[in-house]
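Colleague: Compute the structure for the input listed below.
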Amino acid sequence: MDQSRLDQQAIIVIGGGISGLAAVNRLIELQPERMPITLLDAAPRVGGIIATARHEGFLIEAGPDSFITHKPAGIELCRRLGLTGQLIQTNGAFRRTFIVRAGKLVPAPDGFQLLAPTNWKAFIKSPLFTWRGKARMALDLLIPRGRGAGDESLGSFVRRRFGREALERAAQPLVSGIYTADPERLSLAATMPRFLEMEQRHRSIIRALRREAAAANSGGAGAAGVRYSLFVSFREGMQSLADALVARLPRGAVRCNLAVRAVRLGARGRWSIEIDDGQQLEAGAVILAAPAFAIAQMLEGLDAELSRELAAIDYASAATINLVYERDAIGHPLDGFGFVVPATERMTTLACTFSSVKFAGRAPEGKVLLRAFVGGAMNPESLELDDEGMVACVRGELQRLLDIRRAPWRAIVSRWPRSMPQYPVGHLEHVARIRARLAHHHGLFLAGNAYGGVGIPDCISSGEAAAEAALAWLTMRGMRSREAGKHAGT
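Modeller: Below is the predicted model:
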């Protein structure tokens with residue numbers, strides 16, 4: 001294949017987070033060394049919010065510290081990269097979460113799955129809910145199915161099936177730890193469709209969850225192969241995944257500190273990418289894996305309607321604070337993975353992970369690493385504090401909750417502005433409009449966490465799907481070009 005042919009078929013991926021990296025990796029897997037690929041990112045490094053550092057024996061995760069295993073894309077990518085030997089599971093001795101209630105840490109009942117209980121004995125004994133609240137939650141066993149007309153918010157769904165207490169004391173803080181979202185706006189269909197499916201299939205969510213748990217305990221679900229815990233990480237931190245993906249890229253394929261100003265259709269059906277420094281790049285296909293608001297600016301001159309739809313996707317900001325303590329400075333036994341905080345508690349801290357308990361190798365012997373979360377859609381004002389003020393607020397709250405008697409050795413603040421896309425009611429219809437509009441622009445493809453899931457496996461799936469679609473498009477265009485050439489020569 002001559003150079004002009006290669007240039008015409010080149011693919012450019014814009015955005016170096018996990019979605020963009022997964023897209024480039026998939027392109028290499030399917031077309032090794034046959035097609036030039038360039039990854040552009042405006043940041044000084046690729047990996048997005050995945051960022052791991054070592055400090056004096058502590059492993060600090062500035063972004064996500066793990067990924068879920070029940071969505072297979074993450075585990076499958078690790079297998080293909082040869083990383084499964086580096087995966088570590090959560091500490092089996094302390095697989096429980098606390099919820100703050102009236103300023104105290106209360107264990108979530110064993111078997112409680114985001115919205116509902118599956119272990120009746122633990123549920124009845126739990127002090128997290130009042131007897132009135134427990135009785136209302138049990139009514140799920142008798143309440144009829146919903147009418148299924150249109151999208152519904154998480155808040156509406158939980159109140160309808162389990163009552164206000166279940167929402168305020170459990171569902172809201174547990175779900176906020178995943179989506180940093182307001183449950184009154186969060187689309188259940190876009191985020192947790194399995195609960196809607198359970199309602200339609202089994203009527204009772206509690207009954208459906210108990211059947212799932214029984215099947216899992218009997219080995220009926222996924223019994224073959226390695227059984228991982230719900231969350232896994234890497235021995236040397238989450239950046240191991242990003243680093244392994246970067247290591248697979250050809251030399252010179254990654255170009256950082258390059259902000260894309262505009263994406264336009266150029267000559268002969270090729271795409272023209274204008275960089276802020278004045279450079280012009282061309283490609284046969286472009287995968288847009290940057291945040292939706294950034295893509296909206298790039299496409300403003302190409303398609304104003306598509307740009308408006310992308311710009312309408314809202315994002316929340318967040319921050320993580322890693323705090324290092326001496327173990328004997330903390331009175332709490334730390335016999336869990338951490339805690340979440342209901343909005344009704346009116347705290348700055350949204351949640352806190354006991355990092356050195358959750359995963360091995362996160363702190364030296366005799367030391368503790370805690371990781372607090374601040375911000376989100378329901379508490380954006382906390383991010384207006386400077387780093388010192390934010391740390392002071394979080395330290396005071398942790399001191400009261402965990403009986404901390406001395407100041408931390410160190411506090412490391414990592415801010416992530418506009419990092420969490422929000423999935424409000426109507427999100428699926430919004431994404432459908434975006435994809436329908438995008439279909440008019442052959443050779444442009446979307447990937448990222450703003451459309452079909454915010455977790456790492458979701459981003460991997462999104463990037464890989466975009467890569468496969470881009471290659472299919474280029475293959476089809478190449479076939480048409482060859483057919484046209486044959487006819488022209490006859």
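Colleague: so what's the residue nearest to Gly20 when sequence neighbours are not counted up against?
Modeller: Distances taken as C-beta to C-beta, 6 or more residues apart in numbering put Ala289 closest to Gly20, at 3.6 Å, once the chain neighbours are dropped. All C-beta atoms are positioned from the backbone trio N, CA, C, and that covers glycine. The neighbours of Ala289, taking C-beta atoms under 8 Å, 6 or more residues apart in numbering as the test, are 13-17, 19-20, 23, 446-448, 463, 466.
Colleague: neighbours around Gly331, how many?
Modeller: 10 (other C-beta atoms under 10 Å).
Colleague: I figured it hits Leu402, correct?
Modeller: Yes: between Gly331 and Leu402 there is a contact under C-beta atoms under 8 Å: 7.0 Å.
Colleague: before we move on, the earlier item: hmm, which two among the contacts of Ala289 are most spread apart?
Modeller: Gly16 and Leu446 (15.6 Å; C-beta to C-beta).
Colleague: wait, which of the contacts of Ala289 is closest to Leu77?
Modeller: Checking the contacts of Ala289 one by one against Leu77 (C-beta to C-beta), the nearest turns out to be Gly463, at 9.6 Å.
Colleague: Quick check: neighbours of the helix or strand that contains Leu39 in the sheet, parallel or antiparallel?
Modeller: According to DSSP states H and E, Leu39 maps onto strand 37-40. Paired with strand 37-40 in the same sheet, following DSSP bridges, are strand 11-14 (parallel), strand 254-255 (parallel).
Colleague: do you know which of the ones you listed lies nearest Ile313?
Modeller: With C-beta to C-beta as the measure, strand 11-14 is the member of those nearest Ile313 (16.5 Å).
Colleague: buried ones in that closest one?
Modeller: By 16 or more other C-beta atoms under 10 Å, the buried positions in strand 11-14 come out as Ile11, Ile12, Val13, Ile14.
Colleague: In a markdown table: the contacts of Ala289, plus pLDDT.
Modeller: Output for the contacts of Ala289, formatted as a markdown table (pLDDT from 0 to 100):
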| residue | pLDDT |
| --- | --- |
| Val13 | 97 |
| Ile14 | 98 |
| Gly15 | 97 |
| Gly16 | 96 |
| Gly17 | 97 |
| Ser19 | 98 |
| Gly20 | 98 |
| Ala23 | 97 |
| Leu446 | 98 |
| Ala447 | 98 |
| Gly448 | 97 |
| Gly463 | 98 |
| Ala466 | 98 |
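Colleague: hey, where'd the strands end up in the stretch 201-350 of the chain?
Modeller: 231-234, 254-255, 260-265, 271-275, 280-283, 285-288, 315-326, 338-340, 349-354 (DSSP state E, counting those that start in this stretch).
Colleague: So which of those is the most surrounded?
Modeller: strand 285-288 (a mean of 28; mean count of other C-beta atoms under 10 Å).
Colleague: That one packs against which elements?
Modeller: strand 11-14, strand 271-275, strand 444-446, helix 456-488 (3 or more C-beta pairs under 8 Å, 6 or more residues apart in numbering; DSSP states H and E).
Colleague: Distance from the chain centre to that strand, please.
Modeller: Taking C-alpha atoms, centre = their mean, to the nearest Å, the mean C-alpha location of strand 285-288 is offset from the chain mean by 21 Å.
Colleague: swap in stretch 373-392?
Modeller: 20 Å.
Colleague: Could you pull out the buried residues of that stretch?
Modeller: Going by neighbour count (16+ other C-beta under 10 Å), the buried part of stretch 373-392 is Phe373, Val374, Gly375, Gly376, Ala377, Met378, Asn379, Ser382, Leu383, Leu385, Met390, Val391.
Colleague: could you dump it to PDB, C-alpha only?
Modeller: As requested, the backbone C-alpha atoms of stretch 373-392 are provided in PDB (Å, rounded to 0.1, in the frame of the first residue of the first chain):
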ATOM      1  CA  PHE A 373     -14.700  12.600  47.600                       C
ATOM      2  CA  VAL A 374     -16.100  16.100  47.300                       C
ATOM      3  CA  GLY A 375     -18.400  17.900  44.900                       C
ATOM      4  CA  GLY A 376     -20.800  16.300  42.500                       C
ATOM      5  CA  ALA A 377     -24.100  17.600  41.200                       C
ATOM      6  CA  MET A 378     -25.700  17.900  44.700                       C
ATOM      7  CA  ASN A 379     -22.800  19.700  46.400                       C
ATOM      8  CA  PRO A 380     -21.000  21.900  43.800                       C
ATOM      9  CA  GLU A 381     -20.400  24.700  46.200                       C
ATOM     10  CA  SER A 382     -17.900  22.700  48.100                       C
ATOM     11  CA  LEU A 383     -15.500  22.900  45.100                       C
ATOM     12  CA  GLU A 384     -15.400  26.700  45.500                       C
ATOM     13  CA  LEU A 385     -13.200  26.200  48.500                       C
ATOM     14  CA  ASP A 386      -9.500  26.400  48.000                       C
ATOM     15  CA  ASP A 387      -7.400  23.200  48.600                       C
ATOM     16  CA  GLU A 388      -6.600  24.200  52.200                       C
ATOM     17  CA  GLY A 389     -10.300  25.000  53.000                       C
ATOM     18  CA  MET A 390     -11.500  21.800  51.400                       C
ATOM     19  CA  VAL A 391      -9.000  19.700  53.300                       C
ATOM     20  CA  ALA A 392      -9.900  21.400  56.600                       C
END
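Colleague: pLDDT on it, on average?
Modeller: On average, the pLDDT along stretch 373-392 is 95.
Colleague: got the end-to-end distance for stretch 140-154?
Modeller: Distance between the two ends of stretch 140-154: 15 Å, counting by C-alpha to C-alpha, to the nearest Å.
Colleague: and that stretch, what's its mean pLDDT?
Modeller: Averaging pLDDT along stretch 140-154 gives 86.
Colleague: what's in contact with that stretch?
Modeller: Here stretch 140-154 has contacts from 116, 157, 160-162, 171, 175, 183-192, 196, 199-200, 203-207, 425-429, using C-beta under 8 Å, 6+ apart.
Colleague: Between Gly16 and Leu446, point out the one with more neighbours.
Modeller: Gly16 (26 against 23).
Colleague: State whether that one is indeed within a strand.
Modeller: No: Gly16 sits outside any strand when classified using DSSP: H, G, I helix; E, B strand; the rest coil, being coil.
Colleague: residues in contact with it?
Modeller: Leu39, Leu40, Asp41, Ala43, Arg45, Val46, Gly47, Gly48, Val254, Cys256, Ala289.
Colleague: top of those residues by neighbour count?
Modeller: Ala289 (32 neighbours).
Colleague: Please tell me the pLDDT value assigned to that residue.
Modeller: 98.
Colleague: Pull up the gap between it and Ile11, please.
Modeller: 12 Å (C-beta to C-beta, to the nearest Å).
Colleague: now, of the helices and strands packed on strand 285-288, which is deepest in the fold?
Modeller: Highest mean neighbour count among the helices and strands packed on strand 285-288 (mean count of other C-beta under 10 Å): strand 11-14, with a mean of 26.
Colleague: before we move on, back to that, out of the contacts of Gly16, give me the two with the largest separation.
Modeller: The largest separation in these, counting by C-beta to C-beta, is between Arg45 and Ala289 at 15.2 Å.
Colleague: follow-up on the earlier one: mind picking the two most distant members of the buried residues of stretch 373-392?
Modeller: Maximum pairwise distance among the buried residues of stretch 373-392 (C-beta to C-beta): 22.0 Å, between Ala377 and Val391.
Colleague: Could you pull up the contacting residues of Asn83?
Modeller: Rather than Asn, residue 83 is Leu. Contact partners of Leu83, counting by C-beta under 8 Å, 6+ apart, are Phe234, Ser240, Leu241, Ala244.
Colleague: Spatially, what comes nearest to the second one if we skip its sequence neighbours?
Modeller: Spelled out, it's Ser240. Nearest residue to Ser240, sequence neighbours excluded (C-beta to C-beta, 6+ apart): Phe234, at 3.9 Å.
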